[in-house]
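Novice: Kindly generate the corresponding structure for this input.
(chains A, B and C)
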Amino acid sequence: MGINANALLAIGASPLMSFCPEEMEEIVSISSALVVNIGCLDRHEIEGMKIAAATADRLGRPWVLDPVGAGASRIRTETSLTLIRDSHPTVIRGNASEIMCLAGQQIKSRGVDTSALSSDAVESAKALALASGAIVSVSGPVDYITDGVRVEKIGNGHPLMARITAMGCTASVVTGAFIAVGEDRLLAARNAMAVMGIAGERAAARAAGTGSMEMHFIDELSTYDPADYAKAIKI
Amino acid sequence: MGINANALLAIGASPLMSFCPEEMEEIVSISSALVVNIGCLDRHEIEGMKIAAATADRLGRPWVLDPVGAGASRIRTETSLTLIRDSHPTVIRGNASEIMCLAGQQIKSRGVDTSALSSDAVESAKALALASGAIVSVSGPVDYITDGVRVEKIGNGHPLMARITAMGCTASVVTGAFIAVGEDRLLAARNAMAVMGIAGERAAARAAGTGSMEMHFIDELSTYDPADYAKAIKI
Amino acid sequence: MGINANALLAIGASPLMSFCPEEMEEIVSISSALVVNIGCLDRHEIEGMKIAAATADRLGRPWVLDPVGAGASRIRTETSLTLIRDSHPTVIRGNASEIMCLAGQQIKSRGVDTSALSSDAVESAKALALASGAIVSVSGPVDYITDGVRVEKIGNGHPLMARITAMGCTASVVTGAFIAVGEDRLLAARNAMAVMGIAGERAAARAAGTGSMEMHFIDELSTYDPADYAKAIKI
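Specialist: Predicted coordinates for the structure are as follows:
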């Protein structure tokens, strides 16, 4: 939660985090976008997630689902599938294992970290996008972002990013901020991953380990120049 | 929670964080001060907050209410007002929007970030202080700390502080530590805001972005010299 | 939770954090080790902890209990004792106050920080190890790790470590990672404390305060060389 909020503040967004079912309608109604992260779910929080997602869907607010650990437990897989079916996320952003699981593939999950390559998940991502109507964003050494027809690629990033906790969740909240303001949502979701990857590359170049990597990463986000970053995109 | 605990450890306090209604009486009874932060509330936690506040009130322990997001949802506003009415906080510390909301003003909240200036909230702060018996501490470009009659000002701080998550909550826990030991509680609450602001200024002078800002801020708190800081107070 | 996950990722482990009773059996069954930390317990989480510990015990997975704040409240003491009695932790890792409390000594707790010296707790640690069948690891200026018969000592560490939140919890998760792969579990638990202590010493040598201390500490863990660290162990 800390790094997610700090990443959002760094790029100029204004985050509010809530677990409370009773306030979800009010909070979503004053928000430009919603991100539902099932990372630390319990029964009570699932209730809040469902209300939040349903409210976003009803009000036409863009929202991102991060299906953390889908495939690692039944409740994670089922909660993700229910949210997709009932409340139509604008973007589903996960790693290869999670996306393949939600697309109905039998994969062996090692938990929240992926054991599959993002390139293995492209066909699953396209199928999930077509079945759900969502843009699907798969992170990995190469990120793939698809609406089921177009497939955008982002080749930026650095291996150290996978050794900082909540980097995937951070990609999801940054995606949420970008789709809140971007008209072409596929492009917005793709640009979010580009910013993550470029900030990661630049942070890694100055890092002495994963602790300083995290600090430099937030520094990068808080000072990033869109024109400069646009030139650094690798596909 | 991480930055709050680290800020308290940095200044020499000994924090314990609890959500558990069953242990609140015991925990408060071994504490020198209590801080109730409604940032991530749910039904169960509200129960814990009420027990904690009531215990502090009964035992005469000073306690700080941080009404995070009051005005953004009904449950946040009502929980804050109930805690104030039933358990008499020693200090209420919030941003301008939160304080104006609790003083009964109709304001448009954007969530946990404020859309009002602290100077707009001075009259509300005085009214809330008189009505509640609490010291009210409003943070912003200038901080105002009042018991309804005296008004203390602190002009220290840096805009980067608003771009790090939980900085307001950190101001509340530092206030808690200061009122635990300071006899003049208005002065203690004011000095807490001065330490926050000066540490923020010095951290910003060395920061390359909001990530390093947070690190330098904790470094500052952990090495601050009261005599040196006293000379740096701006009003 | 952030620093715990980052410490585990730094040393090459793959953490998943869960509070959800419904998924505990599945999650533990795909894990090499379990760490139960009662730091932020509530009724619902206690249910999850019990299922997780019972599953680890049943499947023969090594698991670590961190009895945070045992002695500070009845529910913490009782939860710890119940988990020990019913589910046989492989390692119990705590500070002197916590270990002395669980061994049945009447001590005055100041909360989650210890008011006793680790050397005072050696006899308690041995007694608790013999009574429970667990390895007991007591952290402090000197760390003591015992199965009730052998007592290993680690003299590494730095006072600044006690001024960063969750350092004890981090010692527990690192212990969990080490017992997941080490055949001699007493030695694994001891080596975990050595790595913590040496990383702390090296981080402190470069730190300007407790904020940069935390960053350097994670940097150290993410780049540590076992052979180099082996030479730095103090007993």
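Novice: What pLDDT does the model give the residue nearest to A:Gly155 when sequence neighbours are not counted?
Specialist: Leaving aside its sequence neighbours, A:Gly155 sits nearest to A:Lys234 (C-beta to C-beta, 6 or more residues apart in numbering or on different chains; 3.8 Å). C-betas here are computed from N, CA, C, even on glycine. pLDDT recorded at A:Lys234 is 97.
Novice: so the residue nearest to the spatial centre of chain A is in which element?
Specialist: Against the mean C-alpha coordinate of chain A, by C-alpha atoms, centre = their mean, the closest residue is A:Ser172 at 2.2 Å. Element membership for A:Ser172 (DSSP states H and E) is helix A:167-181.
Novice: Give the buried residues for that helix.
Specialist: Applying a neighbour-count criterion of 16 or more other C-beta atoms under 10 Å in any protein chain shown, one finds A:167-180 buried in helix A:167-181.
Novice: elements contacting the helix or strand following that helix?
Specialist: Later in the chain than helix A:167-181, the nearest helix or strand by DSSP H and E is helix A:185-206. Other helices and strands packing on helix A:185-206, by 3 or more C-beta pairs under 8 Å, 6 or more residues apart in numbering or on different chains; DSSP states H and E, are strand A:91-95, strand A:135-139, strand A:143-146, strand A:151-154, helix A:167-181, helix A:210-223, helix A:226-232.
Novice: about what we covered before: any idea of the angle the helix holding A:Ser172 forms with helix A:185-206?
Specialist: Taking axes from the mean of the first three to the mean of the last three C-alpha atoms, to 10 degrees, one finds helix A:167-181 and helix A:185-206 inclined to each other by 140 degrees.
Novice: Show me what helix A:167-181 packs onto, helices and strands only.
Specialist: Using 3+ C-beta pairs under 8 Å, 6+ apart, helix A:167-181 sits against helix A:2-10, strand A:34-37, strand A:63-66, strand A:91-95, strand A:135-139, helix A:185-206.
Novice: would JSON lines of those with mean pLDDT be doable?
Specialist: What follows is these, written out as JSON lines (pLDDT from 0 to 100):
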{"stretch": "helix A:2-10", "mean pLDDT": "96"}
{"stretch": "strand A:34-37", "mean pLDDT": "98"}
{"stretch": "strand A:63-66", "mean pLDDT": "98"}
{"stretch": "strand A:91-95", "mean pLDDT": "97"}
{"stretch": "strand A:135-139", "mean pLDDT": "97"}
{"stretch": "helix A:185-206", "mean pLDDT": "98"}
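Novice: nearest to C:Val136, of these?
Specialist: helix A:2-10 (32.0 Å; C-beta to C-beta).
Novice: who does that closest one touch, helix- and strand-wise?
Specialist: helix A:167-181, helix A:210-223, helix B:210-223.
Novice: quick one: the first one to chain centroid distance?
Specialist: Averaged C-alpha coordinates place helix A:167-181 at 6 Å from its chain's average position (C-alpha atoms, centre = their mean, to the nearest Å).
Novice: and that helix with strand A:135-139, angle?
Specialist: Orientation note: helix A:167-181 sits at an angle of 150 degrees relative to strand A:135-139 (the same axes, to 10 degrees).
Novice: what's helix A:167-181 in contact with?
Specialist: With C-beta atoms under 8 Å, 6 or more residues apart in numbering or on different chains as the test, helix A:167-181 has contacts from A:3-4, A:7-8, A:11, A:13, A:15, A:32-35, A:37, A:39, A:62-64, A:66, A:68, A:90-91, A:93-95, A:112, A:137, A:139, A:161, A:185, A:188-189, A:191-193, A:195-196, A:200, A:221.
Novice: Can you select the buried ones from those residues in PyMOL?
Specialist: To isolate the buried members of the contacts of helix A:167-181 in PyMOL, using 16+ other C-beta under 10 Å:
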select buried, chain A and resi 3+4+7+8+11+13+15+33+34+35+37+39+62+63+64+66+68+90+91+93+94+95+112+137+139+161+185+188+189+191+192+193+195+196+200+221
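Novice: near chain B, which residues of chain A show up?
Specialist: Neighbours of chain B within chain A, by C-beta under 8 Å from any C-beta of the partner chain: A:2, A:5-6, A:9-10, A:14-23, A:26-27, A:30-31, A:44, A:48, A:214-223.
Novice: hang on, A:Tyr144 packs against A:Ser118?
Specialist: Yes. Using C-beta atoms under 8 Å, A:Tyr144 is in contact with A:Ser118, at 5.9 Å.
Novice: list the residues that contact both of those two?
Specialist: Common neighbours of A:Tyr144 and A:Ser118 (C-beta under 8 Å, 6+ apart) are A:Val138.
Novice: who touches the nearest residue to A:Arg206 once chain neighbours are set aside in this structure?
Specialist: Leaving out its chain neighbours, the residue that sits closest to A:Arg206 by C-beta to C-beta, 6+ apart is A:His216, at 5.0 Å. Contacts for A:His216 (C-beta under 8 Å, 6+ apart) come out as A:Arg202, A:Ala203, A:Ala204, A:Arg206, A:Ala207, B:Gly211, B:Ser212.
Novice: how about a cut-off of 7 Å?
Specialist: Neighbouring residues of A:His216 by C-beta atoms under 7 Å, 6 or more residues apart in numbering or on different chains: A:Ala203, A:Arg206, A:Ala207, B:Gly211.
Novice: per-residue pLDDT, the residue sitting furthest away from the middle of chain A?
Specialist: For chain A, the largest distance from the centre (C-alpha atoms, centre = their mean) belongs to A:Ala208, which lies 26.6 Å off. Here the pLDDT value assigned to A:Ala208 is 98.
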